[in-house]
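# here you go, sequence then predicted model.
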Protein chains: 2
Amino acid sequence: MFPENTMMGLSEKTPSRICMIVVDGLGGIPVKGKTELEAAVCPNLDAFAKDSVCGRNVPVALGITPGSGPGHLALFGYNPMTYQIGRGVLEALGIGREMTEFDMASRANFATLKNGLIVDRRAGRIPTEENERLVKKLSEQIEEIDDVKVKIFPGKEHRFVVMFTGENLSGDLSDADPQKEGMPPLECKSNSESGSRAARIVNAFITKLTETLKDEPVANTALMRGFASLPDIPKMSELYKLKCGAFATYPMYKGLASLVGMEIVDCGATPESQLKSLKKQGGNYDFIYYHYKYTDSRGEDRDFEGKVKAIEAFDKLLPEIISQNFDVVCITADHSTPAKMGAHSWHPSPIAIKSKYEMTDDVSVFSERAFESGALGRIWSADIMPILMANALKLKKFGA
Amino acid sequence: MFPENTMMGLSEKTPSRICMIVVDGLGGIPVKGKTELEAAVCPNLDAFAKDSVCGRNVPVALGITPGSGPGHLALFGYNPMTYQIGRGVLEALGIGREMTEFDMASRANFATLKNGLIVDRRAGRIPTEENERLVKKLSEQIEEIDDVKVKIFPGKEHRFVVMFTGENLSGDLSDADPQKEGMPPLECKSNSESGSRAARIVNAFITKLTETLKDEPVANTALMRGFASLPDIPKMSELYKLKCGAFATYPMYKGLASLVGMEIVDCGATPESQLKSLKKQGGNYDFIYYHYKYTDSRGEDRDFEGKVKAIEAFDKLLPEIISQNFDVVCITADHSTPAKMGAHSWHPSPIAIKSKYEMTDDVSVFSERAFESGALGRIWSADIMPILMANALKLKKFGA
């Protein structure tokens, strides 16, 4: 792939407009001979494929199954092995918290301590309501440690997220969670010189937390892991000189878009409200990231028929999404989620790019196997942005 | 390709089992319109292709013809440009010597010296029996130099191998062979600080050898080149958490397998004894490397019909090889050996992977050209292991 810093010198601002539609987890593998896409009736996707150049894209590397973080970073044009997003950051984004350069976040579990040893790493998977009560209690007791603001957010069952805000808070810290029962919690240590202050704050927080919870019958401590601050990542506006708007309904994807500097447009919670927002505010941007979630959700549920229906529902929305005045439209996914596996997978994602300057091919069916013979071939996800930029005539010649 | 050290963090131990069958030098180019695979009648390979995802793999880079060392390292998941195996190590492995971290090996030629100048770099290609006599004479005279043990092994005609065993013996040394006649032998020099002791030992060895052979009429000195110690290479058990068993009949391939930490299973010398060993001991391993040699041998002989027959003979063995309980089976080669060229070549090797989680394609013939339209496309050999690991569900997600 082309290095990001070289891209910066080639990109230029023009009035042309790009739309990248991410149909999350779109690709699958056959069940009774057909993939979800092959089983779905999707005339609009097929028509789009017919007018497009088609192919398949690999998010990270062959055989590697990406999380949503690396999958999206690659689609946005970043090498997902260079820019890694820590667990804590993703957790914070996932519950809808925006992060700045002064924030450092960690995921945490309520746990049970007895005689100094962990006897239950998940505190009996306490109910979410109990979790909320404990987080409220902690939030009242611990607001700040040494000028560092502490915010605690409940998750589901025993899970919660802690966000530390202050100067010089490196997330390069070792886990305080030994990942085993019968052991004491670990001291959080700094992996680098810059992290020593952060490690001290974290350890003080854990001490104070355990003190606050000491009379709780089950959840009397917490195990913290995945400390992370924002990766140092150039914004899409710098790399591509694009004004980017993110149209997504789930916190995680809004968070990932905000990481690379996109403006997050309020889209409500349904595909209908999302489409309405696009129609109303899409015109403000020259790059639109449009995220459709349900294909991934049904794949994760191992629900083949449900994923087929989610594809068909997306197909019905498609004409309206692309009815805006775009010069280049790309439909693809951040990773495959085959219903047969009920999880993200390593299989390449189908990709179709429609542009008046792109070579077309004979593909007229939108599916994994039809796209095997597409003219785009198999590409890395991180190569997509340069191709879209090129088709929007936003990239100068490289070299004379 | 995916970096090895990151792979280590993703791989996990599971009960699933992988079989990698390497049909050495399998690929070819057409003679009278057909390649060896196209001319062969191989119903079992065709059936395997029909049930598999097919493609072609490039061992090192386009246009680059690999030796057996880089070809195999790439198949085992290593970047063959990062981990280079020195000539001396390959020579030692080829004659069936195991090497440890204390060994340094070199290939050598008997040569003829006159008035201090080399007049024949190969000592008239002396007969192998003469070589054996000289090696015996040398071995009696030179057993040790400065606490470094010296062992000498005869090869064919003028060729032999010297192995030095001791502490701190770097193989990073310049050749003592000037590669030209009419010149004096070169002094062996260290390319790095760590090699100075080794250079001294080698030069002392050459002096003692020439002294011992001074009355020989033809072979009165030796030229040494390709000094090498073991590369510092992580074991497959560390990278992939696999228990690997190598089923091979030729020393070179057992040696290459032992380099990456596989257990070498005694297989006798024939395809029949090899199959018998697999049936008896294959169950002990969750990764099996199965090597078939004769396709390469006949290709090297420029024997088109012989290579066709070797393919057909392998085809008959195939059902029994894969009848064990494998979750993922891959058939490919370490490089092509077209009979038309009588040598290794740069052409991609056919590859077929059978797994219940892999996308299938329309390919139902096992051949170079049929595989051009396979869904696996053209991949690097070093990407094969991640794909096999993924299909065996032995790789965790990358990033959250």
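That came through, no problem.
# number of residues surrounding the residue in the stretch 251-400 of chain A positioned nearest to chain B?
Nearest to chain B, among the residues of the stretch 251-400 of chain A, is A:Trp346, at 4.4 Å (Cβ to the nearest Cβ). No exception for glycine: its C-beta is placed from N, CA and C like everyone else's. Counted by other Cβ atoms under 10 Å in any protein chain shown, the residues lying close to A:Trp346 total 25.
# hmm, A:Thr65 and it touching each other?
Yes. Between A:Trp346 and A:Thr65 a contact is recorded at 4.6 Å, counting by Cβ atoms under 8 Å.
# what residues do the two have in common as contacts?
B:390, B:395 (Cβ atoms under 8 Å, 6 or more residues apart in numbering or on different chains).
# and A:Leu256, that's in a strand?
No. Judged by DSSP: H, G, I helix; E, B strand; the rest coil, A:Leu256 forms no part of a strand; its state is helix.
# just give me the neighbour total for A:Val218.
Residues near A:Val218, counting by other Cβ under 10 Å, number 17.
# point me to the residue of chain A nearest chain B.
Counting by Cβ to the nearest Cβ, chain A gets nearest chain B through A:Gly63, at 2.9 Å.
# ok, that residue to B:Ala123 distance?
Using Cβ to Cβ, to the nearest Å, we find A:Gly63 at a distance of 50 Å from B:Ala123.
# again, but for A:Val218
For A:Val218 relative to B:Ala123 (Cβ to Cβ), the value is 84 Å.
# now do A:Arg302
A:Arg302 is 71 Å from B:Ala123, where distance means Cβ to Cβ.
# and these two? which has more neighbours close in?
Each of A:Arg302 and B:Ala123 has its neighbours counted (other Cβ under 10 Å); B:Ala123 has more, 27 against 15.
# my read: that one touches B:Ala108, true?
No. B:Ala123 lies out of contact with B:Ala108 (Cβ under 8 Å); the separation is 11.1 Å.
# residues from chain A in reach of chain B?
Within reach of chain B by Cβ under 8 Å from any Cβ of the partner chain, chain A has these residues: A:29-30, A:60-70, A:80-81, A:84-85, A:87, A:90-91, A:338, A:340-341, A:343-347, A:368-369, A:372-373, A:377-378.
# quick one, which of the residues you listed are buried?
A:29-30, A:60-70, A:80-81, A:84-85, A:87, A:90-91, A:338, A:340-341, A:343-347, A:368-369, A:372-373, A:377-378 (16 or more other Cβ atoms under 10 Å in any protein chain shown).
# and A:Asn325, what is it in contact with?
A:Arg17.
# what's the strand or helix carrying A:Gln281 in contact with?
In this assignment (DSSP states H and E), A:Gln281 forms part of helix A:271-281. The contact list for helix A:271-281, computed with Cβ under 8 Å, 6+ apart, reads A:245, A:247-249, A:265-268, A:288, A:290, A:292, A:294, A:313-314, A:317, A:320-321, A:324.
# check stretch A:150-158 too.
A:91-92, A:95, A:97, A:107, A:109-111, A:122-128, A:131-132, A:134-135, A:138-139, A:142-144, A:160-165, A:205, A:219.
# whichever of these end up buried, select them in PyMOL.
Buried residues within these, by 16+ other Cβ under 10 Å, are selected in PyMOL with:
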select buried, chain A and resi 91+92+95+97+107+109+110+111+122+123+125+126+131+134+135+138+142+160+161+162+163+164+165+205+219
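# show me the contacts of stretch A:150-158 that map onto helices.
Secondary-structure check on the contacts of stretch A:150-158 using DSSP state H: residues within helices are A:91-92, A:128, A:131-132, A:134-135, A:138-139, A:205.
# from the residues you listed, which two are the most distant?
Across the ones in helices among the contacts of stretch A:150-158, the longest distance by Cβ to Cβ is 22.2 Å; it joins A:Thr128 and A:Phe205.
# and the contacts of helix A:271-281, which of them are buried?
If you count burial by 16+ other Cβ under 10 Å, the buried members of those come out as A:245, A:247-249, A:265, A:267, A:288, A:290, A:292, A:294, A:314, A:317, A:321.
# out of those, which are inside strands?
Among those, the ones falling in strands (DSSP state E) are A:245, A:247, A:265, A:288, A:290, A:292.
# quick one: the helices in chain A?
For chain A, the helices defined by DSSP H occupy A:4-10, A:36-39, A:43-50, A:68-75, A:87-94, A:128-141, A:196-212, A:236-240, A:251-259, A:271-281, A:294-300, A:304-321, A:384-391.
# show residues contacting the last one.
Outside helix A:384-391, the residues that touch it by Cβ under 8 Å, 6+ apart are A:1-2, A:7, A:11, A:18, A:20, A:57, A:75-77, A:240, A:327-328, A:330, A:332, A:351, A:353, A:355, A:357-358, A:376, A:379, A:395.
# tell me where the stretch 301-400 of chain A has strands.
A:328-332, A:349-355, A:377-380 (DSSP state E, counting those that start in this stretch).
# circling back: ranking the helices of chain A by burial, who's on top?
Among the helices of chain A, helix A:68-75 has the highest mean neighbour count (mean count of other Cβ atoms under 10 Å in any protein chain shown), at a mean of 28.
# counting by contacts, list what that one packs against.
Judged by 3 or more Cβ pairs under 8 Å, 6 or more residues apart in numbering or on different chains; DSSP states H and E, the packing partners of helix A:68-75 are strand A:18-23, helix A:251-259.
# tell me the strands beside the shortest one, with direction?
Put plainly, it is strand A:18-23. strand A:287-292 (parallel), strand A:328-332 (parallel) (DSSP bridges).
# CA atoms only for the first one, dumped as CSV, please.
The C-alpha trace of strand A:287-292 is given here as CSV (Å, rounded to 0.1, in the frame of the first residue of the first chain):
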residue,chain,number,x,y,z
PHE,A,287,-16.6,12.2,1.9
ILE,A,288,-19.3,10.2,3.4
TYR,A,289,-18.9,7.1,5.6
TYR,A,290,-22.2,5.2,5.8
HIS,A,291,-22.3,2.3,8.1
TYR,A,292,-24.9,-0.5,8.1
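# which residues touch it?
Contacts for strand A:287-292 (Cβ under 8 Å, 6+ apart): A:17-24, A:76, A:236, A:240, A:242-250, A:253, A:257, A:262, A:271, A:274, A:278, A:282, A:314, A:317, A:321, A:326.
# cool, the shortest one as well?
Around strand A:328-332, the neighbours that count as contacts under Cβ under 8 Å, 6+ apart are A:16-23, A:26, A:45, A:48, A:52, A:57, A:75, A:318, A:322, A:349-355, A:366, A:381, A:384, A:388, A:391-392.
# those residues, buried ones only, as a PyMOL selection?
Remark: buried members of those, expressed as a PyMOL selection using 16+ other Cβ under 10 Å:
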select buried, chain A and resi 16+17+18+19+20+21+22+23+26+45+48+52+57+75+318+322+349+350+351+352+353+354+355+366+381+384+388+391+392
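# for the most far-flung residue of chain A relative to its centre, phi and psi?
Within chain A, A:Asn115 marks the point farthest from the mean C-alpha position, 39.9 Å out by Cα atoms, centre = their mean. Backbone geometry at A:Asn115, expressed as degrees, to the nearest 10, gives phi 50, psi 40.
# and the pLDDT for it?
Looking at A:Asn115, its pLDDT is 93.
# ok, A:Pro251 next?
87.
# before we move on, what about A:Val31?
Turning to A:Val31, the model gives it a pLDDT of 96.
# and the helices and strands packed on helix A:68-75, which one is worst for confidence?
Of all these, helix A:251-259 has the smallest average pLDDT, which comes to a mean of 91.
# which elements pack onto it?
Checking 3+ Cβ pairs under 8 Å, 6+ apart, helix A:251-259 ends up next to helix A:68-75, helix A:87-94, strand A:244-247, strand A:263-265.
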